[in-house]
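*Asks:* return atomic coordinates for the entry below.
(2 chains)
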Amino acid sequence: MKNRYYKYSIVIFLIFTFFIFYYGLKEKNIYTPDDIKTKKFPNLILNDFYTNSETSFDDILIGSNYYLVNIWASWCLPCREEHPYLVQLKKNSSIKIIGINYKDKRDNALKFLDEYENPYLIILTDNNGMASIEIGAYGVPESFILNKEKKIIKKIIGPIDKKKFNEIKELIKK
Amino acid sequence: MKTRIILYIIFLLLAFSKSSFSNDQKLENKINKNLRCLICQGQSIYDSQSDFAESMKLVVKQKIESGMSEEEIYSFFKIQYGEWILYDPQFNTKNFALWLLPILVFLVGGIVILKKFRVSKKRL
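*Replies:* Numbers count the residues shown, from 1 in each chain, chains lettered A, B, ... in the order given. Okay, the predicted model is just below:
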């Protein structure tokens, strides 16, 4: 009787542990905050890519229903994959695209834009990467969709692909 | 005599400035060791040299210099990236099993060993 009790408790314990690990490993390890919708985009001051003048996000984020803030670099290969989608989005009048050039060489970034077309309304530079951390980015490329109240309504970690592109289009239709 | 006093004061000032510098450095290292690297997620930013880890180190340094406390810096990163970013997460409803399980296993194991020990002692 006692032996049986031991066996059952061991089996229950093993099943319990198995499920903890099973669900733990299945879960995505890239964390997106739950309250992201209530988060306002920080008003950072960065240098303009072309003029080098100090520009704040509050000065840029005006006059549109939606904004897409895209962190990119010429050395980042996935950025090349997502770039055509950004160029297509540029044609949509309800969204403004703002670029943050992350730790890049100016000449290389210019070449990149020449080669792939410039979808950005304005580009700001983040030479030491601190602004991207203040925003809460995980890597390059990364995109934040903001509404007109400057609140983050969607965060895309990694490159924009066809599926995500359609999601953005649906989102800005509303 | 006067120069001696002046030299003494300079020495004291230097000593104090050095100690405050090393305290900041110690705090910076402590925080860096407790923050997870976003790219190489098995490493702390202290050990990592990825671009994002380097940027995070700069942010930590800047926040210390601006007078933020260790807790305030952690809460800044927690708001941005969640509890996940900390290597030493706080006890909460999501992770209570991980905190309590080892203690539970230790207690149950202890009771089992004690019982076996008593049984074998009785047989003797």
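*Asks:* how many residues are close by the nearest residue to A:Ser53 once chain neighbours are set aside?
*Replies:* Of all residues not flanking A:Ser53 in the chain, A:Asn47 sits nearest, at 6.9 Å (CB to CB, 6 or more residues apart in numbering or on different chains). Just so you know, the C-beta spots here come from the backbone N, C-alpha and C atoms, and that holds for glycine as well. Using other CB atoms under 10 Å in any protein chain shown, the number of residues around A:Asn47 comes to 16.
*Asks:* partner residues bridging A:Asn47?
*Replies:* Beta-bridge partners of A:Asn47, counted by DSSP bridges, are A:Glu54, A:Thr125.
*Asks:* need the per-residue pLDDT for it.
*Replies:* At A:Asn47, the pLDDT value in this model is 95.
*Asks:* so who does it touch?
*Replies:* A:Ser53, A:Glu54, A:Thr55, A:Leu124, A:Thr125 (CB atoms under 8 Å, 6 or more residues apart in numbering or on different chains).
*Asks:* again, but for B:Lys78
*Replies:* B:Ile85, B:Leu86.
*Asks:* mind checking how far whatever residue of chain A ends up closest to chain B is from A:Lys91?
*Replies:* As assessed by CB to the nearest CB, chain B sits closest to A:Gly129 within chain A, at 2.9 Å. The gap separating A:Gly129 from A:Lys91 is 31 Å, by CB to CB, to the nearest Å.
*Asks:* tell me which of these two has more neighbours.
*Replies:* Per other CB under 10 Å, whichever of A:Gly129 and A:Lys91 has more neighbours is A:Gly129, with 23 against 8.
*Asks:* around chain A, pick out the residues from chain B.
*Replies:* B:38-39, B:41, B:51-52, B:54-56, B:58-59, B:62, B:79-82, B:84-85, B:97 (CB under 8 Å from any CB of the partner chain).
*Asks:* now do the domain split for chain B, please.
*Replies:* B:2-90, B:91-124 (automatic domain parsing).
*Asks:* can you list the ones you listed in CSV and add mean pLDDT?
*Replies:* Formatted as CSV, the domains of chain B follow (pLDDT from 0 to 100):
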stretch, mean pLDDT
domain B:2-90, 86
domain B:91-124, 85
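*Asks:* is A:Ser143 in contact with A:Asp161, as I believe?
*Replies:* No - judged on CB atoms under 8 Å, A:Ser143 makes no contact with A:Asp161 at a distance of 11.5 Å.
*Asks:* okay, those two: which has more neighbours?
*Replies:* Using other CB under 10 Å as the criterion, A:Ser143 and A:Asp161 rank with A:Ser143 on top: 24 against 14.
*Asks:* the nearest residue to the more buried one once chain neighbours are set aside in helix, strand or coil?
*Replies:* Closest residue in space to A:Ser143, ignoring its immediate chain neighbours: A:Ile156 at 4.3 Å, by CB to CB, 6+ apart. Look at A:Ile156: counting by DSSP: H, G, I helix; E, B strand; the rest coil, its state is strand.
*Asks:* ok, now which ones touch A:Ile156?
*Replies:* A:Glu142, A:Ser143, A:Phe144, A:Ile145, A:Lys164, A:Ile168.
*Asks:* next, the first one: phi, psi?
*Replies:* Right, A:Glu142. With angles defined as degrees, to the nearest 10, A:Glu142 sits at phi -150, psi 140.
*Asks:* what pairs with it across the strands?
*Replies:* Under DSSP bridges, the beta-bridge partners of A:Glu142 are A:Ile71, A:Ile157.
*Asks:* pretty sure it sits against A:Ile160.
*Replies:* No - using CB under 8 Å, A:Glu142 is not in contact with A:Ile160, being 9.8 Å away.
*Asks:* higher neighbour count, those two?
*Replies:* A:Ile160 (25 against 22).
*Asks:* run a quick neighbour tally on the closest residue to the more buried one other than its chain neighbours.
*Replies:* Distances taken as CB to CB, 6+ apart put A:Glu82 closest to A:Ile160, at 4.2 Å, once the chain neighbours are dropped. Neighbour count for A:Glu82, taken as other CB under 10 Å: 21.
*Asks:* contacting residues around the residue of chain A closest to chain B?
*Replies:* Neighbouring residues of A:Gly129 by CB under 8 Å, 6+ apart: A:Tyr102, A:Lys103, B:Asp51, B:Phe52, B:Glu54, B:Ser55, B:Leu58.
*Asks:* how does it look with 10 Å?
*Replies:* If you count contacts by CB atoms under 10 Å, 6 or more residues apart in numbering or on different chains, A:Gly129 has them with A:71, A:100, A:102-103, A:137, A:140, B:51-59.
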